[in-house]
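> build me a model from this:
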Amino acid sequence: MAAANRALLLEDDPGFRSILRRVVSQMDFDVHEAERGDEGLRLIDGGDYHLVMSDYMMPGADGLAVVEHARKVQPNSAIVLITGYATVERAVKAMRLGADQVLEKPVGLDVLSNTIRDLMRARQAAQAPAAPPAERPELGEAFVSRFMGPMKSLLELLERISPTDCTVLIRGESGTGKELIARAIHSRSPRARGPFVPVNCGAIPENLLESELFGYCKGAFSGAFRDRPGRFAVADGGTIFLDEIGEMSPAFQVKLLRVLQDKSFEPVGGTRSQRSDFRVLAATHRDLAQMVREGRFREDLYYRLNVFELRLPPLRDRPEDIRPLVEHFIAGFNRRHRLAIQGVSEELVNLLRSCAWPGNVRELENLIERMAIIKARGTLTPADLPQNFSERLPAPKEPETALPSEGLDFYRAVEEFENRLILQALERTGNNKNRAASLLSLNRTTLVEKMKKKGLLIE
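The predicted structure is shown next:
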């Protein structure tokens, strides 16, 4: 993030304004601030701000007036409204007036910094100059690919479905970039001016998921001191992204199905249904069709979500993207950590291409960041790889099995061959039975039963 970025902080509480100033300053912004809303309006008229963060309750003018004015005068700014009095109606109104995000006090420092970082990345991607149509394969600044083979087909499908309002199910292993694809669909859709609301269904405890998605009313439970809008309400006019949808319990799947059918929901503790106009994008690393067959995912919900399916290929199936990804990561780490890495050797690229990458792009990014920080300057080579990296390299190919002249025990040979394949699949996927079963084109239950019979399963 360049130091030329300018931020305007509007907050009448000196203590909280000081916290905002510290967080924003550490992210290389030139910070301007005011304690009155009317003063903020004048500053917006007279300056060019990349980020505007405003409290709701201020003397002179409230936060909604600031949001509306800032969006009109500076349409490319990232705008955040912060309030200690969040309600569904207020959050929705703020979004409609132009707020990119509404945060409720008290706000954690990590939430503040992550929100700012995400908004600035999205703004930079939206303002990047468009390439000529024949040369425009990018899905946003964070998604890097040469778009060959399966990635080329994925891009063509994405271009067709983005302008529609259909529900999309994005499938792919962890770390392949499913949320980036969802953001690309949203940014190319008629809803691009509306909010993009991501929800990681696997990271939210079951007992909190309902209030997180549907919101809650004051007094609904201990600690509910005020109304709070849920993610579906905040997504009104935009897109809600339900990540790791396969982690939902069957009981909650029933509640979600009704929301997707009617686009209405009841906040926890509420007595009246609320409506919201949103598009649904969902993602999972699981095989939902198999889960349906096993009775672990509702068939009607599956078909409601799977109007259109996008399959995101794993990194091992797109080795041509290793070099551009590494170069992209190096450029980012040079800026973030003030390094002087000049590039990557061909020998290192070839080694990286030979790996299975069970963690996909995220795993590759973590490896390059570690290497870059330790090296600090110069060109990355195989010598810069961590000592344990050799464990990730594929084992030398064994010679093809030949029938000995004296013959062999057929069933024993088949048994040993199966054992080797299962162990290799488990090693390649970090002992993840779901992904190992996928590599072997087996159901997970079938793989587990085979492992039990062969004595390979360690409980």
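> so Ser162 touches Arg188, yeah?
Yes - when contacts are counted by Cβ atoms under 8 Å, Ser162 is listed as touching Arg188 (3.7 Å). C-betas here are computed from N, CA, C, even on glycine.
> which residues does Leu339 contact?
Taking Cβ atoms under 8 Å, 6 or more residues apart in numbering as the criterion, Leu339 is in contact with 333, 372-373, 375-377.
> likewise for Leu426?
432-433, 436.
> the stretch 51-200 of the chain: strands as residue ranges?
51-55, 78-83, 101-104, 168-171, 196-200 (DSSP state E, counting those that start in this stretch).
> could you check the last one and say which residues are buried?
Right, the one you point to is strand 196-200. For strand 196-200, burial by neighbour count (16 or more other Cβ atoms under 10 Å) applies to 196-199.
> give me phi/psi at Gly15?
phi -60, psi -50 (degrees, to the nearest 10).
> what is the burial count for it?
Using other Cβ atoms under 10 Å, Gly15 has 7 other residues around it.
> now it: how far from Lys105?
Distance of Gly15 to Lys105, given as Cβ to Cβ, to the nearest Å: 12 Å.
> for the stretch 51-200 of the chain, give me the ranges with low pLDDT.
For the stretch 51-200 of the chain, the stretches with pLDDT under 70 are 85-90, 92, 121-143, 147-148.
> residues near Leu157, how many?
Count around Leu157 with other Cβ under 10 Å applied: 14.
> of all residues in the protein, which one is nearest the centre?
Among the residues of the chain, the one closest to the centroid is Glu179, at 3.5 Å (Cα atoms, centre = their mean).
> identify the residues contacting that one.
Glu179 neighbours (Cβ under 8 Å, 6+ apart): 198, 241, 243, 283.
> bridged to the nearest residue to Thr115 once chain neighbours are set aside, which residues?
Nearest non-adjacent residue to Thr115, counting by Cβ to Cβ, 6 or more residues apart in numbering: Gln101, 5.5 Å away. For Gln101, the beta-bridge partners are Val80 (DSSP bridges).
> distance of Gln101 from Ile82?
Distance from Gln101 to Ile82, by Cβ to Cβ: 9 Å.
> so is Arg17 in a helix, a strand, or just coil?
Three-state call for Arg17 (DSSP: H, G, I helix; E, B strand; the rest coil): helix.
> need the pLDDT of it.
pLDDT recorded at Arg17 is 89.
> which residues touch it?
So Arg17 contacts 9, 11, 33, 35 (Cβ under 8 Å, 6+ apart).
> name the nearest of the residues you listed relative to Ala94.
For the contacts of Arg17, the closest approach to Ala94 (Cβ to Cβ) belongs to Glu11, at 15.8 Å.
> what's the closest non-adjacent residue to the closest one?
In this structure, Glu11 finds its nearest non-sequential neighbour in Arg17, 4.0 Å apart by Cβ to Cβ, 6+ apart.
> picking that back up, make a markdown table from the strands of the stretch 51-200 of the chain and add distance to Lys454 to it.
As requested, the strands of the stretch 51-200 of the chain are exported to a markdown table (distance: least, Cβ to Cβ, whole Å):
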| stretch | distance to Lys454 |
| --- | --- |
| strand 51-55 | 58 |
| strand 78-83 | 56 |
| strand 101-104 | 52 |
| strand 168-171 | 30 |
| strand 196-200 | 36 |
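> to Thr271, which of the ones you listed lies closest?
Among the strands of the stretch 51-200 of the chain, strand 101-104 comes nearest to Thr271, with 22.8 Å by Cβ to Cβ.
> mind listing residues that contact that closest one?
79-84, 86, 90-91, 94-95, 111-112, 115, 119, 195, 228-229, 234.
> swap the cut-off to 10 Å and go again
With contacts defined as Cβ atoms under 10 Å, 6 or more residues apart in numbering, strand 101-104 is touched by 53, 56, 63, 67, 78-86, 90-95, 111-112, 115-116, 118-119, 195, 197, 226, 228-229, 234.
> how does the protein divide into domains?
In the assignment given by automatic domain parsing, the structural domains of the chain cover 6-110, 150-313, 316-392, 410-454.
> closest one to Leu403 among these?
Going by Cβ to Cβ, the one of these nearest Leu403 is domain 410-454, 9.4 Å.
> and the closest one, end to end?
Taking Cα to Cα, to the nearest Å as the measure, domain 410-454 stretches 17 Å from start to finish.
> helix/strand/coil for Gly237?
What three-state DSSP gives for Gly237 is coil.
> could you do Asp28 as well?
coil.
> please tell me how far it sits from Arg22.
The gap separating Asp28 from Arg22 is 13 Å, by Cβ to Cβ.
> surely Ala235 meets Ser276?
Yes - counting by Cβ atoms under 10 Å, Ala235 touches Ser276, with 6.4 Å between them.
> which one of these two is surrounded by more residues?
Neighbour count, other Cβ under 10 Å: between Ala235 and Ser276, Ala235 has more, with 27 against 21.
> wait, what's in contact with that one?
So Ala235 contacts 92, 95, 191, 194-199, 213, 229, 241, 276-280 (Cβ under 10 Å, 6+ apart).
> now, of those residues, which are buried?
Going by neighbour count (16+ other Cβ under 10 Å), the contacts of Ala235 have 92, 95, 191, 194-199, 213, 229, 241, 276, 278-280 buried.
> which of these lies closest to Gln261?
Closest to Gln261 out of these is Val280 (11.2 Å), distances taken as Cβ to Cβ.
> so which strand or helix has the closest one?
strand 279-284 (DSSP states H and E).
> quick one: strands adjacent to that strand?
Strand 279-284 is paired, per DSSP bridges, with strand 168-171 (parallel), strand 239-243 (parallel).
> what's the mean pLDDT across that strand?
Averaging pLDDT along strand 279-284 yields 95.
> and after it, which helix or strand comes next?
Using DSSP H and E, the helix or strand that follows strand 279-284 in sequence is helix 288-293.
> elements contacting that next one?
Judged by 3 or more Cβ pairs under 10 Å, 6 or more residues apart in numbering; DSSP states H and E, helix 288-293 is in contact with strand 168-171, helix 299-305, helix 433-439, helix 444-454.
> what residues does it touch?
Here helix 288-293 makes contact (Cβ under 10 Å, 6+ apart) with 169, 171, 245-246, 282, 284, 287, 296-303, 305-306, 309, 434, 437-438, 443-445.
> any of those buried? List them.
169, 171, 245-246, 282, 284, 287, 297-298, 301-302, 305-306, 437-438, 444.
> can you report phi and psi for the residue of the chain most remote from its centre?
Relative to the centre of the chain, the most outlying C-alpha is that of Glu406, 57.7 Å out, by Cα atoms, centre = their mean. As for Glu406, its main-chain torsions (degrees, to the nearest 10) stand at phi -90, psi 0.
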